[in-house]
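Asks: sequence first, predicted coordinates after that:
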2 protein chains.
Amino acid sequence: MVSEKTIARLSLYRRLLEELAAQDTDSLYSHQLAKMTGKTAAQVRRDIMSTGYSGTPQRGYDVRDLIASIDGFIDAPDGQAAALIGVGNLGRALLAYFTSRRPKLRIVASFDSDEQKVDRVIHGVRCHQMDDLLDVIEEHGVTVGIITVPASDAPKVADQLFKVGIRGILNFAPVPLKAPPHVYLENVDMTASLETVAYYAGKKPRGR
Amino acid sequence: MVSEKTIARLSLYRRLLEELAAQDTDSLYSHQLAKMTGKTAAQVRRDIMSTGYSGTPQRGYDVRDLIASIDGFIDAPDGQAAALIGVGNLGRALLAYFTSRRPKLRIVASFDSDEQKVDRVIHGVRCHQMDDLLDVIEEHGVTVGIITVPASDAPKVADQLFKVGIRGILNFAPVPLKAPPHVYLENVDMTASLETVAYYAGKKPRGR
DNA sequence: TAGATTGTTAATCGATTAACAATC
DNA sequence: TAGATTGTTAATCGATTAACAATC
């Protein structure tokens, strides 16, 4: 009903709106949000519309009300818990970044095969051994898994996550994973992103 | 002429093909590559076609020839150099990951505002102070910048990169940046990706 | 009110998929 | 050869953009 791109944009709008709210901005127009995000005003309006919130021609959108509407649309009512598998450089970066950022979506546990890391608290999150996956997932009600292990381990880790009933997976390993139909999976391919940028950097000013 | 999605897929194909080549696989069909990547066979064929390489109905595609064709299509003839700005957790993850992976696209320098990091070699790459940006960029012929600084610093860093004539930017800071027309810029929004996964994880099995 | 902005539909755009004659 | 696969065009699909009456 709503595309994943729309969700991603709403997530972005919310982040920017929260900054505006912190600076006591009360309301704004679609074209202002469009300018901040690089989208068109029409798209901003359509995205906002899909959350069920309405602005007025006179004031545009109320910042706090709009944030609340996006919250209600994106966040699961009772919140969601995520687990991160693979506490390497990238894993630590994500743990540090998401720590206490969004109460309705928290990374509550991490996992690593390195015994040196197990039972330590890294960036505020306890690291467990993979054998405890099911127990920890059930204890915390984890529904989302974040894969930050090397490519060679990723398919096995994904299978383990499927088995314990995870509902969504964000995969940072540079190998595309496939998920059963009841699991939503997104592959984030940073390698491909860098090569794409390099390609256009080499082609400019020809390319678009 | 060729979309950025096509470039990203070609980058992925190449990575998988290199693995196959290492395992002495000589040739493969479009549907095999399609299965590995989760794409359709028609799309694989079209992507390969755009590199100018042709297979044969009998053998499909020669693995090594196809790699060479993708190389010739994506890589700049004389290679390209990248610089990474912000040697935090994420920066180190990227440095470690891209080290000596692709001779035609190397991260040759890093930058950080933390004096403790300056002049140290981190994951094989020397860290410089931002004041030396222009000198280092020119010395190494850097055309691509990777931004891994906090959101608050990102716009300023981007401006500095524009000023020294960088051609492409990969931005990991969770704030959308805008580039002048002669610079290709890609925003990688990991926050939005996680929230998107969480959204569908909460909606499943309704959502697509 | 006057006029800029909204919600929303219709038109456009571009990418993906299906299809099939040509091929080895 | 026979037949599966290729290159490539046409059809489909979905998302973005343009447009405008309704609105405050």
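Replies: Cool, the structure landed. From a predicted model like this one, the values you see are computed outputs, not experimental measurements.
Asks: hmm, the longest helix seen in chain A in reach of DNA strand C?
Replies: Assignment by DSSP state H gives helix A:4-22 as the longest helix of chain A. No. Using C-beta under 7 Å from any atom of the strand, helix A:4-22 stays clear of DNA strand C, with a minimum separation of 12.2 Å. C-beta coordinates here come from the backbone N, C-alpha and C atoms, glycine included.
Asks: flag every buried residue along that helix.
Replies: A:4, A:6-17, A:20 (16 or more other C-beta atoms under 10 Å in any protein chain shown).
Asks: what about residue A:148, distance to residue B:60?
Replies: 34 Å (C-beta to C-beta, to the nearest Å).
Asks: what about those two, which has more around it?
Replies: residue A:148 (26 against 17; other C-beta atoms under 10 Å in any protein chain shown).
Asks: that one contacts residue A:83, doesn't it?
Replies: No. Using C-beta atoms under 8 Å as the test, residue A:148 is too far from residue A:83 to be in contact (11.1 Å).
Asks: what sits up against the host helix or strand of residue A:193?
Replies: Using DSSP states H and E, residue A:193 maps to helix A:190-203. Applying C-beta atoms under 8 Å, 6 or more residues apart in numbering or on different chains, the contact partners of helix A:190-203 are A:172, A:174, A:207, B:4, B:7-9, B:11-12, B:15, B:74-76, B:80, B:82, B:94, B:97-98, B:101-102, B:105, B:143-144, B:146, B:166-170, B:184-186, B:188.
Asks: the buried residues of helix A:4-22 also near chain B: which ones?
Replies: Filtering those for neighbours of chain B using C-beta under 8 Å from any C-beta of the partner chain leaves A:4, A:7-9, A:11-12, A:15-16.
Asks: just put those residues in JSON lines and tack on pLDDT.
Replies: Formatted as JSON lines, these follow (pLDDT from 0 to 100):
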{"residue": "A:4", "pLDDT": "94"}
{"residue": "A:7", "pLDDT": "97"}
{"residue": "A:8", "pLDDT": "97"}
{"residue": "A:9", "pLDDT": "97"}
{"residue": "A:11", "pLDDT": "97"}
{"residue": "A:12", "pLDDT": "97"}
{"residue": "A:15", "pLDDT": "95"}
{"residue": "A:16", "pLDDT": "96"}
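Asks: relative to residue A:157, which of those residues is nearest.
Replies: Nearest to residue A:157 out of these is residue A:4 (C-beta to C-beta; 22.5 Å).
Asks: any idea how far the closest one is from DNA strand D?
Replies: Going from residue A:4 to DNA strand D by C-beta to the nearest atom of the strand, to the nearest Å gives 8 Å.
Asks: for that residue, list the residues it contacts.
Replies: Counting by C-beta under 8 Å, 6+ apart, the residues that residue A:4 touches are A:186, B:196, B:200.
Asks: with residue A:98 instead?
Replies: By C-beta under 8 Å, 6+ apart, the contact set of residue A:98 is A:82, A:105-107, B:191, B:194.
Asks: same question for residue A:39.
Replies: Listed by C-beta under 8 Å, 6+ apart, the contact set of residue A:39 reads A:9, A:33.
Asks: distance of residue A:66 from residue A:173?
Replies: Per C-beta to C-beta, residue A:66 is found 36 Å from residue A:173.
Asks: count of neighbours near residue A:114?
Replies: With other C-beta under 10 Å as criterion, residue A:114 counts 12.
Asks: can you verify it is assigned to a strand?
Replies: No. Using DSSP: H, G, I helix; E, B strand; the rest coil, the assignment for residue A:114 is coil, not a strand.
Asks: quick one, what contacts it?
Replies: With C-beta under 8 Å, 6+ apart, residue A:114 has these contacts: residue A:87.
Asks: show me where chain A has its strands.
Replies: A:27-28, A:61-62, A:80-85, A:105-111, A:121-122, A:125-128, A:142-147, A:168-171, A:184-187 (DSSP state E).
Asks: now those strands in a markdown table, with distance to residue A:35 and mean pLDDT?
Replies: As requested, those are arranged in a markdown table below (distance: least, C-beta to C-beta, whole Å; pLDDT from 0 to 100):
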| stretch | distance to residue A:35 | mean pLDDT |
| --- | --- | --- |
| strand A:27-28 | 10 | 96 |
| strand A:61-62 | 14 | 96 |
| strand A:80-85 | 32 | 97 |
| strand A:105-111 | 27 | 97 |
| strand A:121-122 | 39 | 97 |
| strand A:125-128 | 37 | 98 |
| strand A:142-147 | 32 | 98 |
| strand A:168-171 | 29 | 98 |
| strand A:184-187 | 28 | 96 |
